[in-house]
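J.: quick one: sequence plus predicted model below, questions after.
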Amino acid sequence: LALETQLRDMLEDGSGLVMHYQPLFSRHSGCLCSAEALVRWEHPVRGLISPGEFIPLAERSGLILPLGNRVLECVIDDMKRWQQQGLTPVPIAINLSAAQFWQTGFAAGVRQKLQDAGLSPRLIIFELTESILLDRHAQGLAVLQSLSDSGFRISLDDFGTGYSSLSYLQNIPAYSLKIDRSFITALDSQTRSSRAIIAAIASLARELGLTVVAEGVETRRQWDELGRYAIDLVQGFYAARPVPAESFIDWLHAPR
Ligand code: G
Ligand code: G
Ligand code: NA
Ligand code: MN
């Protein structure tokens, strides 16, 4: 309960939130293609707290919407600053909670924030898991459509672990699909099944016109092997860890 009170107080001004950014690279060109925004809580006593710890707490205590709004503000501020510094922006992926996704007028609200900041909605990718759509596919498709109509791109996160309904994939206005890192990790243990799953997801995604991302790539061997499945976009500790905005700027300075 103490941590919940501290989270509530911190979200009043958001001053304890820090955004880290993790690059996504093209295997082929080695270039930075986009980055995922990952929030952290800079706690005065406990140091950096992982979202794995405080997001479930925020969800339980009704703080997930204020937290999500703070994250959006931080990312928009960072992008605005990068643009003012003359850097060529890359799309930034933001993880969406179910509460945000189902919030009435969410797409229009974020669109307005971006417009106020002079930024294009094409610079934002929303990452969401299929579990958000569970049992409410029809309504979920309508929300996805409103996000897409507003110019945002959608990425299906942790793909392959949830209750994938392959039938809705053909109607979903998604841009990319991120193969869950458990399948990438399994590449090391030579299991035939994980290879078969990666190959199947990659070819399905391509057939449907979706961009495929491999997440959680930790080794050179995994990086190389993804070439066999013609997977170009890669995210993971092998290529780059999530870093604070100040360090991420170095990636934006690199030639593209
Ligand atoms: O960065 P880390 O691996 O500790 O993140 C743990 C989990 O927190 C991941 O599932 C990630 O998607 C989630 N997460 C990170 N940043 C955000 C955020 O800004 N909003 C939401 N809803 N989830 C986030
Ligand atoms: O659930 P989601 O896919 O959004 O989770 C993203 C989380 O995965 C981030 O918190 C990030 O820190 C973590 N992550 C990113 N790359 C790697 C990696 O190569 N290995 C592992 N174990 N975690 C990673
Ligand atoms: Na994610
Ligand atoms: Mn993921």
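T.: Noted; the coordinates are in hand. Ligands and ions are numbered 1, 2, ... in the order given.
J.: do you know how far residue 182 is from ligand 1?
T.: 13 Å (Cβ to the nearest ligand atom, to the nearest Å). Just so you know, the C-beta spots here come from the backbone N, C-alpha and C atoms, and that holds for glycine as well.
J.: from ligand 2, how far out is that residue?
T.: From residue 182 to ligand 2 the distance is 10 Å (Cβ to the nearest ligand atom).
J.: can you tell me if stretch 44-63 touches ligand 1.
T.: Yes. Using Cβ under 6 Å from any ligand atom, stretch 44-63 comes into contact with ligand 1 via 50, 51, 52, 55.
J.: in helices only, show me these.
T.: 51, 52, 55 (DSSP state H).
J.: what's the neighbour count on the closest residue in space to residue 8 that isn't next to it in sequence?
T.: Once flanking residues are discounted, residue 8 sits nearest to residue 63: 6.1 Å by Cβ to Cβ, 6 or more residues apart in numbering. Neighbours of residue 63 under the rule other Cβ atoms under 10 Å: 20.
J.: got a list of what residue 63 touches?
T.: Neighbouring residues of residue 63 by Cβ atoms under 8 Å, 6 or more residues apart in numbering: 4, 7, 8, 11, 57.
J.: mind listing what residue 124 touches?
T.: Contacts of residue 124 (Cβ under 8 Å, 6+ apart): 75, 91, 92, 93, 94, 110, 114, 152, 153.
J.: quickly list what the closest residue to ligand 4 within the stretch 1-150 of the chain is bridged to.
T.: Proximity of the stretch 1-150 of the chain to ligand 4 (Cβ to the ion) peaks at residue 127, 7.0 Å away. Judged by DSSP bridges, the bridge partners of residue 127 are residue 95, residue 155.
J.: by neighbours, which of the contacts of residue 124 wins?
T.: residue 93 (27 neighbours).
J.: wasn't it part of a strand?
T.: Yes. Membership of residue 93 in a strand is supported by DSSP: H, G, I helix; E, B strand; the rest coil.
J.: the stretch 51-200 of the chain: helices as residue ranges?
T.: Ranges of helices within the stretch 51-200 of the chain are 51-60, 64-84, 98-101, 106-117, 137-149, 166-169, 181-185, 192-207, based on DSSP state H, counting those that start in this stretch.
J.: dump these into CSV; add mean pLDDT as well.
T.: Supplementary listing: the helices of the stretch 51-200 of the chain in CSV, determined by pLDDT from 0 to 100:
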stretch, mean pLDDT
helix 51-60, 97
helix 64-84, 97
helix 98-101, 96
helix 106-117, 98
helix 137-149, 95
helix 166-169, 82
helix 181-185, 95
helix 192-207, 92
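J.: quick one: the ones you listed as TSV, columns for distance to residue 159 too.
T.: TSV is the format used below for these (distance: least, Cβ to Cβ, whole Å):
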stretch	distance to residue 159
helix 51-60	19
helix 64-84	22
helix 98-101	17
helix 106-117	22
helix 137-149	15
helix 166-169	10
helix 181-185	9
helix 192-207	6
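J.: ok, of the ones in helices among the residues of stretch 44-63 next to ligand 1, which come out buried?
T.: Among these, those buried by neighbour count (16 or more other Cβ atoms under 10 Å) are 51, 55.
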